[in-house]
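Peer 1: Here's my sequence, what's the structure:
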Amino acid sequence: MIVGFMADPGDSQAEVVRWVADYMKVLTGIEIQDGSLHGEQDLWLVQQTVLHEGKGKILEQAKAHGLPVVILERIDGCQLTVKTRRYINHPNVVTVIKNYDTQPHSCHNQIGVSRRHVHALEWIWGEKAFEKQQMAKLVSDHKQLSGRALRKVVTGFTFGSYKLVREGCWSLPWNDERTIRAGFWGTVDYDREKLLTRHRTSLVDRLNAIEGCVAKSGRPYDRETYIRMMTICKAVVSPWGYGESCYRDYEALLCGAVLIKPETPWISEQSGIYEWAAKAGTIQWCRPDWKRNRLEDLISGPAVVGRLGLLIKRAVNSWRCQSPA
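Peer 2: Prediction:
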């Protein structure tokens, strides 16, 4: 099976596809031809940005060749982007692969509800996340999607498979003397989201007021020092950002820390780490001797190959079943 692949060279999710290309061919027999789309291939895997920049012409070419298309969407949130919504109903689009998704899928037809974390902050603080002009644009960009279109949306691989996590300094020894009760280091200023800025700045204030806890805004450490700091934390607090999931969630678990995160039970993704949120209230916890091994499996090449290969084969088979003989 041959897959044509087109994506932004600098995209993190596209980098994962390129990383597993060799594994894919050996383990599944699927050859990924990067940067090439032609009629002799079995399927086209196209990043949403590339598709949109071409104003959908790739889909018309796929229609002419009678080929299925899988859209690769990567966004720091579980909502569907305007770009993807614009093309998801095209008959040649059979699958949309997201980093993580919201459940139930019907939420994608409720304006703004896919960004549930922002609305949760609205409820807590009694502030509106969007001005009237912003809300008007959301309404104008929002198109209702059929059940058939929503069934095309699936989850692929997570932040745990991205290069920044894969190539982290996880060989650093865990510190048996974890001297920090809970720690956070990260961006707090979100220009477009005043509620997220408040959410994060209030976390810094609260943590620093608790004995034995440390929080700093910005990026005070280089990468190795940042990871080393997490290895001496009993817990790492990971607030919401533009999306609910982030690199820090996986980094904390790989460093053997307990992950504390706002309750996020509506997230659906492949690692399953957020399933704990529904059971443990606002605290996401893990056992290092179990979760760490599981995550190491999830960020391995064969694991990503298995998931991506399955999605590609399903897409091709689905297309063949609905196409006339």
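Peer 1: Next up, the contacts around residue 185.
Peer 2: With contact taken as CB atoms under 8 Å, 6 or more residues apart in numbering, residue 185 is in contact with 215, 216, 218, 219, 220, 221, 226, 229. Glycine gets a C-beta too; all of them are placed from N, C-alpha and C.
Peer 1: and residue 322, how far is that from residue 49?
Peer 2: Residue 322 sits 27 Å away from residue 49, going by CB to CB, to the nearest Å.
Peer 1: neighbour count winner among those two?
Peer 2: Looking at residue 322 and residue 49 with other CB atoms under 10 Å, you find the greater number of neighbours at residue 49, namely 18 against 10.
Peer 1: tell me how far stretch 198-205 is from the chain's mean position?
Peer 2: Remark: stretch 198-205 is offset 23 Å from the chain centroid, using CA atoms, centre = their mean, to the nearest Å.
Peer 1: Quick one: mean pLDDT over it.
Peer 2: Computed over stretch 198-205, the mean pLDDT rounds to 87.
Peer 1: quick check: domain ranges of the chain?
Peer 2: Split into domains by automatic domain parsing, the chain comes to 2-161+301-322, 164-298.
Peer 1: Next, the distance between the ends of the first one.
Peer 2: Spelled out, it's domain 2-161+301-322. 20 Å (CA to CA, to the nearest Å).
Peer 1: sorry, back to before: specify which member of the contacts of residue 185 is nearest to residue 265.
Peer 2: Set against residue 265, the nearest of the contacts of residue 185 by CB to CB is residue 215 (25.1 Å).
Peer 1: so the closest one touches residue 183, yeah?
Peer 2: Yes. The criterion here is CB atoms under 8 Å, and residue 215 meets it with residue 183 at 6.8 Å.
Peer 1: Overlap of the contact sets of the two?
Peer 2: 207, 237.
Peer 1: quick revisit: of the domains of the chain, which shows the lowest average pLDDT?
Peer 2: Comparing mean pLDDT across those, the weakest is domain 164-298, with a mean of 77.
Peer 1: Now do the buried residues in the longest helix anywhere in the chain.
Peer 2: For the chain, the longest helix by residue count, based on DSSP state H, is helix 301-322. By neighbour count on 16 or more other CB atoms under 10 Å, the buried set for helix 301-322 is 301, 303-309, 311-313, 315-316, 319.
Peer 1: elements contacting it?
Peer 2: Helices and strands touching helix 301-322, by 3 or more CB pairs under 8 Å, 6 or more residues apart in numbering; DSSP states H and E, are helix 12-28, strand 43-47, strand 69-72, strand 93-98.
Peer 1: could those go into a markdown table alongside mean neighbour count and distance to residue 171?
Peer 2: Formatted as a markdown table, the helices and strands packed on helix 301-322 follow (neighbours: other CB atoms under 10 Å; distance: least, CB to CB, whole Å):
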| stretch | mean neighbour count | distance to residue 171 |
| --- | --- | --- |
| helix 12-28 | 18 | 19 |
| strand 43-47 | 25 | 32 |
| strand 69-72 | 26 | 31 |
| strand 93-98 | 24 | 31 |
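Peer 1: mind checking which of the ones you listed is nearest residue 55?
Peer 2: Nearest of those to residue 55, taken as CB to CB: strand 43-47 at 13.0 Å.
Peer 1: Okay, now the sheet partners of the closest one, with direction.
Peer 2: strand 2-6 (parallel), strand 69-72 (parallel) (DSSP bridges).
Peer 1: Give me the distance from the last one to the chain's centre.
Peer 2: I take that to be strand 69-72. 16 Å.
Peer 1: Go ahead and name everything in contact with that strand.
Peer 2: Contacts to strand 69-72, defined as CB under 8 Å, 6+ apart, come from residues 7, 13-14, 17, 43-48, 51, 58-59, 62, 84, 87-88, 90, 92-97, 156, 311-312, 315.
Peer 1: Mind jotting down where the helices sit in this structure?
Peer 2: Using DSSP H, the helices of the chain run over 12-28, 48-53, 57-65, 82-87, 116-125, 132-141, 147-150, 163-166, 194-208, 223-231, 247-254, 275-279, 288-298, 301-322.
Peer 1: Could you list the buried residues of the fifth one?
Peer 2: Judged by neighbour count (16+ other CB under 10 Å), helix 116-125 contains these buried residues: 116, 117, 118, 120, 121.
Peer 1: Would you confirm that residue 109 contacts residue 146?
Peer 2: No. In this structure residue 109 lies outside contact range of residue 146 using CB under 8 Å: 9.3 Å.
Peer 1: Of these two, give the one with the bigger neighbour count.
Peer 2: Neighbour count, other CB under 10 Å: between residue 109 and residue 146, residue 109 has more, with 17 against 11.
Peer 1: tell me the contacts of that one?
Peer 2: Residue 109 neighbours (CB under 8 Å, 6+ apart): 144, 145, 150.
Peer 1: Next, format the residues you listed as CSV and append distance to residue 162.
Peer 2: Shown next, in CSV, are those (distance: CB to CB, whole Å):
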residue, distance to residue 162
144, 32
145, 28
150, 26
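Peer 1: Filter those down to the buried ones and hand me the PyMOL line.
Peer 2: Typed into PyMOL, the line below selects the buried ones among the contacts of residue 109, using 16+ other CB under 10 Å:
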select buried, resi 145+150
